[in-house]
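[1] need coordinates for the following:
(2 chains)
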Amino acid sequence: MSKPKFAMYWSGSCGGCEIAVINIHEKILDVDANFDIAFWPVAMDAKVKDVEALEDEEILLCLWNGSIRNEENEHMAHLMRKKSKLLVSFGSCATEGCIPGLGNLFPVAELIDTAYTTLTTDNPDNIRPQTVTQVPEGEITIPAMKDRVHTLAQVVDVDYFMPGCPPESHQIAAVIDLVIEVLQGKAELPPKGAVIGAGHSTVCEECPRQRNLKAIKAFRRIQDVAPLDPELCILEQGVPCNGPATRSGCKARCPSVGAQCIGCYGPAEGVVDYGARLITAFASVIDSKDPEEIEQILDGIPDPAGQFYRFNLADSLFQAGAPAFKKNEV
Amino acid sequence: MERITIDPITRLEGHGKIDIFLDDKGDVANSYFQIPELRGFERFCVGRPIEEMPLLTNRICGVCPEAHHMAAAKAADAAYQITPPRTAKLLRELLYMAFYCTDHTTHFYALGGPDFIIGPDAPVAERNILGVIHKVGMEIGGKVIQMRKFGHKVVEMIGGRKVHPAVAIPGGVTKILSEGERKEIEEMGRWAIEFAQFSLQTFNDIVLANQTYLDLIVGDIYRDETYYMGLVDKNNKVNFYDGKVRVVNPEGKEFCKYAPNEYMNHLAEHVEPWTYLKFPYLKNVGWKGFTDGKDSGVYMATPLSRLNAADGMATPLAQEHYEKMYETLGGKPVHQRLAIHWARLIELLYAAERWVELATDPEITSSDVHCKPTEIPTEGVGIVEAPRGTLTHHYWTDERGILTQVNLIVGTTNNYAPIQMSTKKAAQHLIKGGKVNEGLLNMVEMAFRAYDPCFGCATHSLPGQMPLEVRLHDQRGELVDVVTQSAIPEPLSNAEIA
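    This next block holds a predicted model:
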């Protein structure tokens, strides 16, 4: 009997999701034992034509990582949706746009102009990449960039969401175990739209640092206060930490080495807009009732756009027509 | 003119596509290695605080985030004019050596290695890491997994996370290493030295002992004479974390040696309209197109380049292998691109030896890991050797340390012109009279795979799939045939791929 097919594809991402999957180590052999790997460009040589030749929904499980940054990404998203029974929005880029989503703060023409006019760029004719170029031998093409970064669910129907930049390997291993159990009839799939491979609370809830409900008089930048007290809450030491708004699931890894949570697991369960929740959380630790003083304290956050929407901008309420976090909670 | 398109090319980190044009005899007239993506980090990092750069630029590349993390932290140190405490530097470098061991292992066994271990024209379905494990046995497969596990464990212990570490900040690091952790890291490092030696032995047995492969390495298909770049310490030995950038000419003579903040005097980037990626070159030689030799400013920055540009390795076992490689391949510099695989394994051994040196340094567990800024930040350059080439981050800030301008010249980008040249040359040697098959196309892909290119990194853009598809066009430019690696499908227009 032939095994069910597995695929993993990357678009506007950094490759860290692939590394996180390979970091499940021996368990990758379970994937090999239970699936035919139909398509996984980083690791093997099957090509797009091989995917196009498959029946619709012939791939049982496709992990899609990466945002939709150009037209080729979008084309591939439609193809993989059509060929896959279960399409998982895997990692922060696919799910909420991630750091490259900060590109949405600027018109796409500005992103391109900057890249081709840096101080070391030798560009006397002020060339920009062209989608179609006539070279002496013929015509060659590259895909056009889209006007902004889109999440996967903004362009195709998605079955499950798996947050994290990248998802932690122990979470990936747990999801793979679950899928194998489903194949063996020992478990059932979660309802469509579920967030999988993550916790149901906030990073603060799994962070061992002690919270004393201490209010602060100023926000401080980490290079001005490091090393932090290793036992106490980072936010209460004045360093903007995104733990209160961020979904649990990583075991609070960054705070464990003295660094603040930067929010890579996305909005905590039930949060509609990530930045709005974080602003509320920060406001609640400020030790003042004087509006002027509060404003002064908030000025201590040097980059509000980056602080509150570092990973989440492309999926935030700011993005026209993007229902912020429409995933069903289970 | 007939055309062959390889799209997407596979077993590398990132997106890309190769268009090969054939003349009326069916021989290769020209080829274009295109990068279809851009994300725009140099623009959207403007406005962000400098201490976030080690975290934001991690996301340029999830394969080598550690390299961006370190280059960003060093650029931030420079912008604040801070020299971090010695222990902070040791911890950063220790994390970085463990990462190097993991990364070079991944490339040799999962990305580049399958071409040798399984064979360049073996069935597509076998030519991957699982095929390697099936062929060499689970025992060796287990060692590969163990090496990757140990490397990432150290990255996580010091950096917080296995991918995208969070520990380096302007002025040092946030983590103090305990004696228990140190001991565990030292033990893993000793195992890594064994593993690196075992890998070099495997390379010797499988590749060097096979005359066909050896001919492939020393032959002309994969050979270009270019300049070579690499970071060196004060004794001109290879260093990954710190030092000066040294460039040697195609004869192996020192051409220039510069400190990080001098890079703009030496490098420039050429632009072509048919790709999103730029082509760096040596400014003082000049851009002469996609051509090798002493008059062309094209340079290479890979493991082999680092070995070519240095006078040797700083650790004893790696130095032995360094000498053996140059002895076997006929002296310095080595121009054969497939020797990059060998050089990579010698670097693996160096990184493992250095890992143990750092883990046994008496100051590694000191609590003096950070130095607070006292100066107003202005401008800073940070350079490290990423596994795939010299990585340069340059930031300008306002008086609050908010970025006003960013310039990045990233590992793989250095090698874009050499990769374009190598794939063209390989295609010219391998495709004659319009005859193309999957095995030949894979051998064209081997030309870039040696560089271990990471176009996610290079384009500050999106890694994605790079399958191989060959498109044949007649002299009028009309598509007559398409060959992919795994099948002979019907023709497909470029528009459909885009």
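
[2] check B:His460 and give its pLDDT.
    pLDDT for B:His460: 35.

[3] which residue is nearest the middle of chain B?
    B:Arg388 (1.2 Å; C-alpha atoms, centre = their mean).

[4] surely that one and B:Thr302 touch.
    Yes. The pair B:Arg388 / B:Thr302 is scored as a contact, 6.8 Å apart, by C-beta atoms under 8 Å. For every residue, glycine as well, the C-beta is placed using N, CA and C.

[5] shaky segments in chain A?
    Counting by pLDDT under 70, chain A contains low-confidence ranges at A:1, A:12, A:42-46, A:320-330.

[6] center of it - which residue?
    Note: chain A centre (C-alpha atoms, centre = their mean) maps to A:Ser92, 0.7 Å.

[7] what sits against residue 19?
    By default, I'm working from chain A. Contact partners of A:Ile19, counting by C-beta atoms under 8 Å, 6 or more residues apart in numbering or on different chains, are A:166, B:62-63, B:106, B:162-163.

[8] meant chain B, my bad for not saying
    B:Asp19 makes contact with A:140, B:3-6, B:31-32, B:34, B:471, according to C-beta under 8 Å, 6+ apart.

[9] spatially nearest residue to it (excluding sequence neighbours)?
    B:Tyr32 (4.5 Å; C-beta to C-beta, 6 or more residues apart in numbering or on different chains).

[10] quick revisit: can I take it that the residue nearest to the centre of chain A is in a strand?
    No. With DSSP: H, G, I helix; E, B strand; the rest coil as the criterion, A:Ser92 is helix rather than part of a strand.

[11] does it touch A:Pro100 like I think?
    No. Under the criterion of C-beta under 8 Å, A:Ser92 makes no contact with A:Pro100, lying 9.7 Å away.

[12] tell me the residue of the stretch 101-250 of chain A that sits nearest chain B?
    Closest to chain B within the stretch 101-250 of chain A is A:Leu111: 2.9 Å, counting by C-beta to the nearest C-beta.

[13] now that residue: how far from A:Leu102?
    Counting by C-beta to C-beta, to the nearest Å, the gap from A:Leu111 to A:Leu102 is 10 Å.

[14] ok, so of the contacts of B:Asp19, who is nearest B:Glu375?
    B:Gln34 (43.9 Å; C-beta to C-beta).

[15] which strand residues bridge that closest one?
    B:Lys17 (DSSP bridges).

[16] end to end, how far does stretch B:31-42 reach?
    29 Å (C-alpha to C-alpha, to the nearest Å).

[17] no no, stretch A:225-234
    11 Å.

[18] quick one: contacts for the residue of the stretch 51-200 of chain B found nearest chain A?
    Proximity of the stretch 51-200 of chain B to chain A (C-beta to the nearest C-beta) peaks at B:Gly62, 2.0 Å away. For B:Gly62, the contacting residues are A:13-20, A:166, B:163-164, B:456, B:463, by C-beta under 8 Å, 6+ apart.

[19] okay, and for chain B, where does confidence drop off?
    Using pLDDT under 70, chain B drops low at B:1, B:7-15, B:123-125, B:127-129, B:452-498.

[20] strands of the stretch 1-150 of chain A, residue ranges please.
    Per DSSP state E, counting those that start in this stretch, the stretch 1-150 of chain A carries strands over the ranges A:5-10, A:36-39, A:59-65, A:68-70, A:84-90, A:121-122, A:132-135, A:138-141, A:145-150.

[21] now the stretch 1-150 of chain A against chain B: closest residue?
    For the stretch 1-150 of chain A, C-beta to the nearest C-beta, closest residue to chain B: A:Gly16, 2.0 Å.

[22] ok, back up a step: out of A:Leu111 and A:Leu102, which sits in the busier spot?
    A:Leu102 (27 against 23; other C-beta atoms under 10 Å in any protein chain shown).

[23] list the contacts of the more buried one.
    A:Leu102 sits next to A:305-306, A:309-310, A:313, B:44-45, B:48, B:56 when contact means C-beta under 8 Å, 6+ apart.

[24] please repeat the previous calculation with a cut-off of 7 Å.
    Contacts for A:Leu102 (C-beta atoms under 7 Å, 6 or more residues apart in numbering or on different chains) come out as A:306, A:313, B:44.

[25] in CSV, list those residues along with neighbour count.
    Formatted as CSV, those follow (neighbours: other C-beta atoms under 10 Å in any protein chain shown):
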residue, neighbour count
A:Gly306, 22
A:Leu313, 28
B:Phe44, 27
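
[26] in strands only, show me those residues.
    If you go by DSSP state E, these have nothing in strands.

[27] I'd like these as CSV, with distance to B:Ala110 appended.
    Shown next, in CSV, are the contacts of A:Leu102 (distance: C-beta to C-beta, whole Å):
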residue, distance to B:Ala110
A:Gly306, 35
A:Leu313, 33
B:Phe44, 32
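
[28] of these, which is the nearest to A:Val158?
    Closest to A:Val158, out of all of those and judged by C-beta to C-beta, is A:Leu313, at 18.8 Å.

[29] surely that closest one meets A:Gly101?
    Yes. Contact status for A:Leu313 versus A:Gly101: in contact at 4.4 Å, counting by C-beta atoms under 7 Å.

[30] check which helices and strands the lengthiest helix in chain B sits against.
    Longest helix of chain B, by residue count under DSSP state H: helix B:179-203. Helix B:179-203 sits against helix B:138-159, helix B:339-359, with contacts defined as 3 or more C-beta pairs under 7 Å, 6 or more residues apart in numbering or on different chains; DSSP states H and E.

[31] any chance of JSON lines for those, columns distance to chain A and mean neighbour count?
    Formatted as JSON lines, these follow (distance: least, C-beta to the nearest C-beta, whole Å; neighbours: other C-beta atoms under 10 Å in any protein chain shown):
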{"stretch": "helix B:138-159", "distance to chain A": "5", "mean neighbour count": "21"}
{"stretch": "helix B:339-359", "distance to chain A": "17", "mean neighbour count": "26"}
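
[32] count the neighbours of A:Lys186 for me.
    9.

[33] near chain B, which residues of the stretch 151-300 of chain A? Just list them.
    Residues of the stretch 151-300 of chain A lying close to chain B (C-beta under 7 Å from any C-beta of the partner chain) are A:165-166, A:169, A:221-224, A:226-228, A:253-254, A:256-259, A:262.

[34] among the residues you listed, which lie within helices?
    Going by DSSP H, the helices hold A:169, A:222-224, A:253-254, A:256 from these.

[35] let's see if you can find the most crowded of these.
    Using other C-beta under 10 Å as the neighbour criterion, A:Cys254 leads those with 28 neighbours.

[36] residues contacting it?
    Contacts of A:Cys254 (C-beta under 7 Å, 6+ apart): A:260-262, B:160-161, B:166.

[37] I figured A:Tyr116 hits A:Pro124, correct?
    No. Using C-beta under 7 Å, A:Tyr116 is not in contact with A:Pro124; the gap is 11.6 Å.

[38] the more surrounded of those two?
    A:Tyr116 (19 against 6).

[39] on that earlier part again, can you list which of the contacts of B:Asp19 are found in strands?
    A:140, B:3-6, B:31-32, B:34, B:471.

[40] take those residues and write them to a markdown table, including distance to B:Pro333 and neighbour count.
    A markdown table is the format used below for those (distance: C-beta to C-beta, whole Å; neighbours: other C-beta atoms under 10 Å in any protein chain shown):
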| residue | distance to B:Pro333 | neighbour count |
| --- | --- | --- |
| A:Ile140 | 33 | 22 |
| B:Arg3 | 35 | 28 |
| B:Ile4 | 31 | 26 |
| B:Thr5 | 33 | 27 |
| B:Ile6 | 29 | 31 |
| B:Ser31 | 25 | 26 |
| B:Tyr32 | 28 | 23 |
| B:Gln34 | 29 | 25 |
| B:Arg471 | 36 | 24 |
